[in-house]
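Chemist: After the sequence you'll find the predicted model.
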Amino acid sequence: MIAAQDLRKAYGPHVVIDGVSLALGAGQCLALLGANGAGKTTLLRILATLLRPTAGSLHLDGVDALREPDRVRPWLAIVAHGSHVYEDLTARENLRFWETLRGGDVSPARLMGALAEVDLDGVADERVRTFSAGMKRRLALARVRLGEARVLLLDEPFTGLDRRARKWVAEYLLAFKARGGAAVIATHGFGDGLGAVDRVGILGSGRLLVDRPTADLSAEELHRLYESLTDSVEDAG
Amino acid sequence: MIYARRAWIVLWKDLLVERRSREQLNALLFFCLVLLFLFQFALGPDRERLAAALPGLLWLGFILAGLLGLGRSFLVERENDCWEGLRLTPGDKSAIYLGKLAGNCVLMTAVELVLVVLFGVFYDVDLWTPAAPLALVLALGTVGLAAIGTLFAAMTSQVRARELLFPVLLLPVQVPVLLATVSATQALLLGQPLADVAHWIKLLAGADLVYVTIGLLTFEFVLEG
């Protein structure tokens, strides 16, 4: 579903992404681990067609996403720090806005159904300005659900969330995968939601240092690998 | 049909956000009041001087209010990365431009109406007799100002020095619109019939057509950055 080959992004002499290749099938989830500045967000933005790489290729479901971004965008969703919500609209109004722009069905029952799925039906008519970070993220995921996205890109989805909200996001990921979606999570934390992850990639200085199935790694091994790889990258830098 | 729905939802969203936040409208109305007081002090009670300066003052007020309002119209899209959400939206992006343009026109019209009424009251000018042709000039001038203003507001919303760059880009391009609107307004306030300002109306309509077309054709590239 996602096939990236030799992706490279440079701003002048400063290389942010350096020859990253990855492939992800339907129903799979990849966690990208890395320290701050490792290039996780940049890679995610390239996969989301929001940023053009300097070199390399990107195919989503067989479509050349760099050449025809408009063809892949209808089934691609990114939930980053901003969550794409308008603070002065209510939760229901936000969904109505994005769904109308997408050309989807905005019947009240459908919008409320999506809000019920993310446990926000009780606050459907409250302004987003009053929501917590976790509630905003859930609203963004309701938008993803309505948009019938097949590729989901999450940037630090667990940051700023309490344990219950983190568990909820992890369960959402499992349900997304079960529907045949492919997800990529960029995170610098361990443990959070990794139960939903099939593969772990470790980024350091813009390079994908390792890409392994989680089944091959225990949490301790992963932690040790992460420490040794990121330390060696920092030493080399 | 989908195109019209998409443009409408952007307009609906912008008006709803403005109605709830009142960020722009309150600031613009206060700004209009300050402007009126300043003009009053600057010109004094001399009726002839006032009559000669009034069209220019009126449009100066519209332009300054427009610069303030239009310049902020894309800031709401910066909050929570909504701009990126708009980029990822499938379909023709010009519908988003059309909705934004309509929202800016509604906001500017509201401010202009208040300003016109206040001008009439403050300076004791008969704006009622030429009301219909004046409304036409105001409408065409507003579309011209908002059409290119909406596009430039989108272009400069990502730039750090946007408050400086926006008027520097906008005002030179607005010369035909300003020339036509001020001249037509002056003629109408002097009691001339609409037929006498037909050439200015044609210039305004032509400029509007060109500006809106440019906005529709180029907005997608501006959005993609």
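Modeler: In hand now; what should we look at?
Chemist: can you count the residues close to residue 219?
Modeler: Since no chain was named, I'll use chain A. 11 (other C-beta atoms under 10 Å in any protein chain shown). Yep, even glycine has a C-beta here, placed from its N, CA and C like the rest.
Chemist: try chain B instead
Modeler: Other residues within reach of B:Phe219, judged by other C-beta under 10 Å, total 23.
Chemist: ok, and the closest non-adjacent residue to the residue in chain A that chain B sits nearest to?
Modeler: Ranked by C-beta to the nearest C-beta, the top residue of chain A for proximity to chain B is A:Gly82, at 2.8 Å. Distances taken as C-beta to C-beta, 6 or more residues apart in numbering or on different chains put B:Asp81 closest to A:Gly82, at 2.8 Å, once the chain neighbours are dropped.
Chemist: thinking again about what came up before, hmm, B:Glu84 and the residue of chain A closest to chain B touching each other?
Modeler: Yes - shown here, A:Gly82 and B:Glu84 form a contact pair, counting by C-beta atoms under 8 Å, at 7.3 Å.
Chemist: where does chain B come near chain A, residue by residue?
Modeler: B:2, B:5-6, B:9-10, B:12-13, B:16-17, B:20-21, B:76, B:79-82, B:84-91, B:96 (C-beta under 8 Å from any C-beta of the partner chain).
Chemist: Type out the ChimeraX command that picks the buried ones from these.
Modeler: In ChimeraX syntax, the buried subset of those is picked out as below (16 or more other C-beta atoms under 10 Å in any protein chain shown):
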select /B:6,9,10,12,13,16,17,76,80,81,82,84,85,86,87,88,89,90,91,96
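Chemist: Quick check, pLDDT for A:Glu234.
Modeler: Per-residue confidence for A:Glu234 comes out at a pLDDT of 58.
Chemist: for B:Phe74, same thing?
Modeler: Per-residue confidence at B:Phe74 stands at 88 (pLDDT).
Chemist: what's it sitting at in phi/psi?
Modeler: Recorded main-chain torsions at B:Phe74 are phi -100, psi 0, according to degrees, to the nearest 10.
Chemist: what's the burial count for the residue lying closest to it once chain neighbours are set aside?
Modeler: Computed as C-beta to C-beta, 6+ apart, the closest residue to B:Phe74 that is not its neighbour in sequence is B:Ser157, at 3.8 Å. Using other C-beta under 10 Å as the criterion, B:Ser157 is surrounded by 19 other residues.
Chemist: Verify the contact between B:Ser157 and B:Leu75 for me.
Modeler: Yes - distance between B:Ser157 and B:Leu75: 6.4 Å, which falls inside the contact criterion (C-beta under 8 Å).
Chemist: where do the strands sit along chain A?
Modeler: Taking DSSP state E to define them, one finds strands in chain A at A:2-11, A:14-24, A:29-33, A:55-60, A:63-64, A:76-79, A:151-155, A:182-187, A:199-204, A:207-213.
Chemist: Just the buried positions in the longest one, please.
Modeler: Residues A:Val15, A:Val16, A:Ile17, A:Asp18, A:Val20, A:Leu22, A:Leu24 are the ones in strand A:14-24 that count as buried (16+ other C-beta under 10 Å).
Chemist: which one of the residues you listed is nearest A:Gly122?
Modeler: A:Leu24 (35.1 Å; C-beta to C-beta).
Chemist: so what's the nearest residue to that closest one once chain neighbours are set aside bridging to?
Modeler: In this structure, A:Leu24 finds its nearest non-sequential neighbour in A:Ile2, 4.2 Å apart by C-beta to C-beta, 6+ apart. A:Ile2 has the following beta-bridge partners by DSSP bridges: A:Leu24, A:Leu60.
Chemist: Contact partners for A:Ile2?
Modeler: Taking C-beta atoms under 8 Å, 6 or more residues apart in numbering or on different chains as the criterion, A:Ile2 is in contact with A:Leu22, A:Ala23, A:Leu24, A:Leu47, A:Leu58, A:His59, A:Leu60, A:Val151, A:Ala182, A:Val184.
Chemist: Same check on A:Gly25?
Modeler: A:Gly25 is in contact with A:Met1, A:Ala182, counting by C-beta under 8 Å, 6+ apart.
Chemist: Would you tell me what the next helix or strand after the one helix or strand B:Pro172 maps to is?
Modeler: When secondary structure is defined by DSSP states H and E, B:Pro172 falls within helix B:162-173. Heading C-terminal from helix B:162-173, the first helix or strand you meet, by DSSP H and E, is helix B:175-189.
Chemist: What is that next one packed up against?
Modeler: With contacts defined as 3 or more C-beta pairs under 8 Å, 6 or more residues apart in numbering or on different chains; DSSP states H and E, the packing partners of helix B:175-189 are helix B:47-71, helix B:131-156, helix B:198-224.
Chemist: Surely B:Leu127 touches B:Leu134?
Modeler: Yes - proximity of B:Leu127 to B:Leu134 meets the contact threshold set by C-beta under 8 Å, at 6.6 Å.
Chemist: Flag every residue of chain A that's near chain B.
Modeler: Listed as neighbours of chain B in chain A under the rule C-beta under 8 Å from any C-beta: A:48-50, A:70, A:73-74, A:76-78, A:80-89, A:93, A:96-98, A:100-103, A:127, A:136.
Chemist: Quick check: the residue nearest to A:Gly82 touching A:Tyr86?
Modeler: No - in this structure B:Asp81 lies outside contact range of A:Tyr86 using C-beta under 8 Å: 11.2 Å.
Chemist: Next up, phi/psi of the closest residue to chain A within chain B, please.
Modeler: Residue of chain B nearest chain A, by C-beta to the nearest C-beta: B:Asp81 (2.8 Å). Note on B:Asp81: backbone dihedrals following degrees, to the nearest 10 are phi 60, psi 30.
Chemist: Just name the shakiest helix or strand of chain A by mean pLDDT.
Modeler: Least confident element among the helices and strands of chain A, by mean pLDDT, DSSP states H and E: helix A:219-236 (a mean of 69).
Chemist: Please pick the buried ones from the contacts of A:Ile2.
Modeler: Applying a neighbour-count criterion of 16+ other C-beta under 10 Å, the buried members of the contacts of A:Ile2 are A:Leu22, A:Leu24, A:Leu47, A:Leu58, A:His59, A:Leu60, A:Val151, A:Ala182, A:Val184.
Chemist: Save those as TSV, and put in pLDDT too.
Modeler: Supplementary listing: the buried ones among the contacts of A:Ile2 in TSV, determined by pLDDT from 0 to 100:
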residue	pLDDT
A:Leu22	92
A:Leu24	92
A:Leu47	95
A:Leu58	96
A:His59	95
A:Leu60	92
A:Val151	93
A:Ala182	93
A:Val184	94
